[in-house]
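Chemist: Sequence and predicted structure are below.
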Amino acid sequence: MGSARVTGDDDLFARPVHAGGADKRFGELTVGDVRAHAAELRSAAGWGPTARIATVAQAWRELAEHMAQASAGTVADLGAQTAAEFAERLWVLPPGGSLLR
């Protein structure tokens with residue numbers, strides 16, 4: 001996994017993620033939240049422009065598996081380094097650091 005670009009002023013765990021019909025902080029997401037978000041994204045993936053959603057859904061599934069293996073109750077329980085390693089693949093941080101180019 002690549003290294004996410006997180007600045008000292010950026011609290012990755014506080015970033016909002018829209019999952020399960022509500023906004024939650026990334027660090028507060030549980031394994032169940034992460035699994036449900038992966039399934040929601042997977043159901044939205046298709047062909048053409050929406051095919052890219054499948055890779056993001058896969059990353060969320062991998063995060064859920066990692067959390068389960070680590071017995072992490074929340075994303076924050078994984079620690080900042082591990083969360084940062086997943087952040088761009090999950091689009092919690094936009095790939096390349098910004099969507100504004």
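Modeler: Done, it's in.
Chemist: What count of nearby residues applies to residue 26?
Modeler: 23 (other Cβ atoms under 10 Å). For every residue, glycine as well, the C-beta is placed using N, CA and C.
Chemist: burial count for the residue nearest to it when sequence neighbours are not counted?
Modeler: Distances taken as Cβ to Cβ, 6 or more residues apart in numbering put residue 15 closest to residue 26, at 4.7 Å, once the chain neighbours are dropped. Look at residue 15: counted by other Cβ under 10 Å, it has 16 neighbours.
Chemist: Got the confidence number for residue 15?
Modeler: pLDDT recorded at residue 15 is 96.
Chemist: what about stretch 18-34, start to end distance?
Modeler: Using Cα to Cα, to the nearest Å, the gap from the first to the last residue of stretch 18-34 comes to 11 Å.
Chemist: Low-confidence regions, this protein specifically.
Modeler: The chain contains residues with pLDDT under 70 at 1-10, 97-101.
Chemist: Nearest the middle, which residue of it would you pick?
Modeler: Nearest to the mean C-alpha position of the chain, counting by Cα atoms, centre = their mean, stands residue 90 at 3.6 Å.
Chemist: Wait, that one touches residue 63, no?
Modeler: Yes: taking contacts as Cβ atoms under 8 Å, residue 90 lies within contact range of residue 63: 6.6 Å.
Chemist: for the protein, what's the longest helix?
Modeler: The residue-count maximum for a helix in the chain (DSSP state H) belongs to helix 52-69.
Chemist: That one - contacts with which helices or strands?
Modeler: Counting contacts by 3 or more Cβ pairs under 8 Å, 6 or more residues apart in numbering; DSSP states H and E, helix 52-69 packs against helix 31-44, helix 80-90.
Chemist: Can you get me a residue count around the closest residue to residue 53 other than its chain neighbours?
Modeler: Leaving out its chain neighbours, the residue that sits closest to residue 53 by Cβ to Cβ, 6+ apart is residue 45, at 4.2 Å. Counted by other Cβ under 10 Å, the residues lying close to residue 45 total 15.
Chemist: For residue 45, give me its contacts.
Modeler: 51, 53, 54, 57 (Cβ atoms under 8 Å, 6 or more residues apart in numbering).
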